[in-house]
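**Q** My questions concern the predicted model and sequence given below.
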Amino acid sequence: NAGVTQTPKFRVLKTGQSMTLLCAQDMNHEYMYWYRQDPGMGLRLIHYSVGEGTTAKGEVPDGYNVSRLKKQNFLLGLESAAPSQTSVYFCASSQQETQYFGPGTRLLVL
Amino acid sequence: SQQGEEDPQALSIQEGENATMNCSYKTSINNLQWYRQNSGRGLVHLILIRSNEREKHSGRLRVTLDTSKKSSSLLITASRAADTASYFCATPRAGSYQLTFGKGTKLSVIP
């Protein structure tokens, strides 16, 4: 089992460009999450999903959109990237309390 | 908003010594988890302790939970260089599996 995978691993964007981050899990988990991690800030929840076809806002949702069309995939979109979105993005999945994390996507917005 | 806060922010010890880090939280919880993050990697779940448990062990890890003080501690015994990482406590939002993470303790174990 690959667990949770994220694509891409690293990306550089110019301000105003758009992109989609892909998260995939092969554990048949119902719940999936997107976090961002910034120095000194810990992990902050962007959006989450409690099942296929559902999404909900987390702590810092502005500037991001998500979709969960298939149970195993959770997409995070940036419609118009801003330098403030420079961060490391982590996806996680869970069936109950314990979350399983992907390796992260490092995003730099110039 | 941060629910759990780890202390200290950074800790440097010699290999073989014990490392203790603490987590304080604000509201009542039914469980608390600890995660480890190696540099440049995703978080890895270490241990979950429920509110009706006072202490839990897993290998060289010992976790305590004091619900009256709203605090938890993680003890790593006989530390190794490979234990060098950041350690985060995480508490659930009421009625959900969403987690709120603290800012972490950065542990450096010197060989």
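**A** The structure has been received and is ready for your questions.
**Q** C-alpha only now, for contacts and for neighbours.
**A** Will do.
**Q** ok, now how distant is the residue most central in space within chain A from B:Lys70?
**A** Centroid-nearest residue in chain A: A:Trp34, 3.3 Å away (criterion: CA atoms, centre = their mean). A:Trp34 sits 27 Å away from B:Lys70, going by CA to CA, to the nearest Å.
**Q** before we move on, the earlier item: who's in contact with the residue nearest to the centre of chain A?
**A** A:45-48, A:76, A:89-92 (CA atoms under 8 Å, 6 or more residues apart in numbering or on different chains).
**Q** now, which of those lie close to chain B?
**A** A:45, A:90 (CA under 8 Å from any CA of the partner chain).
**Q** which one of the contacts of A:Trp34 sits closest to B:Phe101?
**A** A:Leu45 (9.2 Å; CA to CA).
**Q** pLDDT score for B:Gln2?
**A** B:Gln2 is assigned a predicted lDDT (pLDDT) of 50.
**Q** leaving aside the residues next to it on the chain, what's closest to the residue of chain A found nearest chain B?
**A** Nearest to chain B in chain A, going by CA to the nearest CA, is A:Gly42, at a distance of 4.0 Å. In space, and not counting its chain neighbours, A:Gly42 is closest to B:Lys103: 4.0 Å by CA to CA, 6 or more residues apart in numbering or on different chains.
**Q** distance of that neighbour from B:Glu15?
**A** 24 Å.
**Q** now the residue nearest to the centre of chain A, which residues is it bridged with?
**A** A:His47, A:Cys91 (DSSP bridges).
**Q** What of B:Leu99?
**A** B:Pro92.
**Q** Looks like it contacts B:Cys89 (just checking).
**A** No: between B:Leu99 and B:Cys89 there is no contact under CA atoms under 8 Å: 9.5 Å.
**Q** Between the two, point out the one with more neighbours.
**A** B:Cys89 (32 against 22; other CA atoms under 10 Å in any protein chain shown).
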